[in-house]
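[1] Any chance you could fold what I've pasted below:
(chains A and B)
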Amino acid sequence: MLLIECPYCGARDESEFSCGGEAHIRRPLAENPISDAEFAEYLFWRDNPKGVFLERWCHDAGCRRWFNAARDTVSHEFIEIYPMGALPKTAAAKRAYDASWRRKTASEAAATSRKKEGKK
Amino acid sequence: MAEIPDRGARRLPGGKPKYSIFSLMRGARHYHQNWQRAWRAPQPKKSYDAIIVGGGGHGLATAYYLAAVHQMTNIAVLEKGWLGGGNTGRNTTIIRSNYMWDESAAIYEHALKLWEGLTQDLNFNLMFSQRGVLTLAHSWGELREMSRRVHAIRLNGIDSDVLDPHAIKKLVPIINIDPNIRYPVMGGFLQKRGGTARHDAVAWGYARAADDLGVDIIQNCEVIGLRRQGGRIAGVETTKGFIAAPKVGCVVAGHCSVLADMAGIRLPIASRPLQALVSEPIKPELDTVIMSNAVHMYISQSDKGEMVLGAGVDKYNSYAQRGSFPVPEHMLTAAVEMFPILSRLRMMRHWGGIVDTCPDASPILSKTDVKGLYFNCGWGTGGFKATPGSGHVFADLIAHDRPNKIAAPYALDRFQTGLLIDEHGAAGVAH
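    So this is what the prediction gives:
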């Protein structure tokens, strides 16, 4: 049983939480033209690393609030817990964020910048 | 439709020598210390015509069918640990083909038909036992949904029958059909041709038959890199050096994303722990496999007498081959209420395997953007039952570099086209 440090309630048993999978997946903006393949990157393609993984958790049998966590998928150790919408601060979690293939995808580019001209 | 060997007819080669009462007597004379090796332990060659990464049931089946059906014998199976030490040795050995969608029916029924003649094909006793698989419904909604599925399944020519609680009680005397328990038994559906097989024997049988046809099975050889040359695969980097091959098939279940990453391709897979446990052995009590999707429980009794119980999948990604306690605890509380005789049984062993779950709960059998690199993954919580079908179809895909009719719907591009095969329903939740 994992003991998870909810940022709002403190340490609680893992059975009070649910895991929402990969964090930092940004939905492409509606006004950006995007192909089916690029949309699949957002909708289906998932990071599944052996090692540090950035994911979302919800304390659904407690305060029902969401937060982000950096967790090792081999040791299950929580490296960092940080709020939704923020980026990780510890070195290992930062590295995992920067190294993710998702940072280079077209779907993420379409989520962060406004309308690309002339494409498709 | 791929050609399916007749039930009981031994047309495929491989799997010598024969075991007999005489070889058993000879073995007994030497206190069973001098049995011949069932397969060789070769050193890897510099290059092969094809390499299969992963020496579990699916990988070994792929290698066997490549050699037996497609005459590709200059191939190797690379396994980082020992044969069948991953999910092949960790599942609850349930075999069935009662899936709802046509695509699923095709591949799982193909597998079941192969199972029916597999002991003969491999010349190895797989202890395949068609004892019937009964899936329970615990609410009216579930029961109605189940009837709908049963009709769909029967339209595909697969046997399936709905049973009421009294018929279930007759079939399974130890079940509690009291309507006042937390998960009351409202009915169920039975596939009589479903059952179990001995999981280790499946890996060993395929390994022995493949080895007999000249396939090199190399254990303790981990793949640490996939070498690309332009747009195609050149070979694999392993702990035993570089091995060249124009075709590489990856059948590594939980680690498929790690391998895909080496080749720079992406998969929609999440790797999760799935847990199972066995009790101390007792006298024969249960001659049917019972599954419950609402509880995420499956139970059967092994030939040794142990109750084999499987739980649901854990909620977070992991590569640790162990699960968290709340998952089996939830399953066991419901199991004890449903089967009161379990309450005083001691559980002997408890373990986890890492399963490759796919967004639509259906597998991926696919070519990739890298020419000559193939993936067979995403079987998630229910790959064991498909072992022969998966290997047969994947071998065909590798040999001809194009998917056959059964494999075609399972290509990776379904996540772009949206033609998903959604088996999250009653037949696809627990496997």
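[2] going forward, measure contacts between C-alpha atoms and count neighbours the same way
    Will do.
[3] Give me every residue in chain B lying close to chain A.
    Proximity of chain B to chain A (CA under 8 Å from any CA of the partner chain) is limited to residues B:257-258, B:266-271, B:315-320, B:324-326, B:359, B:415-417.
[4] Strands of the stretch 151-300 of chain B, start to end?
    B:161-163, B:187-191, B:195-196, B:216-218, B:223-229, B:232-238, B:241-244, B:248-250, B:270-281, B:289-292, B:297-301 (DSSP state E, counting those that start in this stretch).
[5] residue contacts, the residue most central in space within chain A?
    The geometric centre of chain A, computed from its C-alpha atoms, lies nearest to A:Ala23 (CA atoms, centre = their mean), at 0.7 Å. Neighbouring residues of A:Ala23 by CA atoms under 8 Å, 6 or more residues apart in numbering or on different chains: A:54-56, A:68.
[6] pLDDT of stretch A:100-112, averaged?
    The average pLDDT within stretch A:100-112 is 91.
[7] typed the wrong thing, it's stretch A:52-66
    Mean predicted confidence for stretch A:52-66 is 97.
[8] how distant is it from the center of its chain?
    Mean-position distance between stretch A:52-66 and its chain equals 11 Å (CA atoms, centre = their mean, to the nearest Å).
[9] Now do B:His400: how many residues are near it, please.
    Counted with other CA atoms under 10 Å in any protein chain shown, residues neighbouring B:His400 total 11.
[10] same deal with B:Leu226?
    B:Leu226: 22 neighbours (other CA under 10 Å).
[11] ok, now A:Ala30?
    The number of residues packed near A:Ala30 is 11, by other CA under 10 Å.
[12] and it, what are its phi and psi?
    Phi and psi for A:Ala30, reported as degrees, to the nearest 10, are phi -60, psi -30.
[13] confidence score at it?
    88.
[14] how about it, what does it touch?
    For A:Ala30, no residue meets the contact criterion (CA under 8 Å, 6+ apart).
[15] May I see the contacts of A:Ala23 arranged in a markdown table, with neighbour count as well?
    A markdown table is the format used below for the contacts of A:Ala23 (neighbours: other CA atoms under 10 Å in any protein chain shown):
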| residue | neighbour count |
| --- | --- |
| A:Leu54 | 28 |
| A:Glu55 | 21 |
| A:Arg56 | 22 |
| A:Asn68 | 27 |
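[16] element containing B:Ser390, please.
    helix B:387-400 (DSSP states H and E).
[17] Also A:Arg12?
    strand A:10-13.
[18] I'd like to know which elements the helix or strand following that strand is packed against.
    The helix or strand immediately downstream of strand A:10-13 is strand A:18-22, counting by DSSP H and E. Judged by 3 or more CA pairs under 8 Å, 6 or more residues apart in numbering or on different chains; DSSP states H and E, the packing partners of strand A:18-22 are strand A:52-58.
[19] what helices or strands is the strand it packs on leaning on?
    Applying 3+ CA pairs under 8 Å, 6+ apart, one finds that strand A:52-58 contacts strand A:18-22, strand A:66-72, helix A:91-99.
[20] helix or strand right after the second one?
    Sequence order places strand A:78-82 as the next helix or strand after strand A:66-72, per DSSP H and E.
[21] how about the residues of chain A near chain B?
    A:1-2, A:15, A:18-19, A:21, A:36-37, A:39-40, A:44-50, A:73-76.
[22] Can you turn the buried subset of those residues into a selection I can paste into PyMOL?
    Entered in PyMOL, the line below selects the buried ones among the residues of chain A next to chain B, by 16 or more other CA atoms under 10 Å in any protein chain shown:
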select buried, chain A and resi 15+18+19+21+39+40+44+45+46+47+48+49+50+73+74+76
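[23] hang on, the earlier thing: could you give the mean pLDDT of the helix holding B:Ser390?
    Helix B:387-400 carries an average pLDDT of 97.
[24] Identify all contacting residues around it.
    With CA under 8 Å, 6+ apart, helix B:387-400 has contacts from B:2, B:57-66, B:70, B:72, B:107-108, B:110-112, B:114-115, B:247, B:249, B:365-366, B:372, B:374, B:376, B:402-404, B:406-407.
[25] One more: stretch B:296-305?
    By CA under 8 Å, 6+ apart, stretch B:296-305 touches B:280-292, B:307-312, B:331, B:335, B:429-431.
[26] Check stretch B:242-252 too.
    The contact list for stretch B:242-252, computed with CA under 8 Å, 6+ apart, reads B:44-54, B:56, B:58-59, B:233-237, B:256, B:259, B:372-377, B:398.
[27] And stretch A:50-57, how far out from the chain middle?
    That offset, for stretch A:50-57, works out to 7 Å (CA atoms, centre = their mean).
[28] Please apply the same query to stretch A:43-55.
    With CA atoms, centre = their mean, you get 8 Å for stretch A:43-55.
[29] C-alpha coordinates for it, CSV please?
    Below are the C-alpha coordinates for stretch A:43-55, written out as CSV (Å, rounded to 0.1, in the frame of the first residue of the first chain):
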residue,chain,number,x,y,z
LEU,A,43,-5.9,11.4,-27.8
PHE,A,44,-4.3,8.0,-27.7
TRP,A,45,-0.5,8.1,-27.8
ARG,A,46,0.9,7.8,-24.3
ASP,A,47,4.2,8.1,-22.5
ASN,A,48,4.8,4.9,-20.7
PRO,A,49,8.4,5.2,-19.3
LYS,A,50,10.2,2.7,-17.2
GLY,A,51,11.5,5.2,-14.6
VAL,A,52,10.3,8.7,-13.7
PHE,A,53,6.7,9.3,-14.9
LEU,A,54,4.7,12.5,-14.6
GLU,A,55,1.1,11.7,-13.9
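[30] related to what we said a few turns ago, just the buried residues of the strand holding A:Arg12, please?
    Neighbour counts over strand A:10-13 (16+ other CA under 10 Å) mark A:Arg12 as buried.
[31] who touches A:Phe39 in this structure?
    A:28, A:107, B:416.
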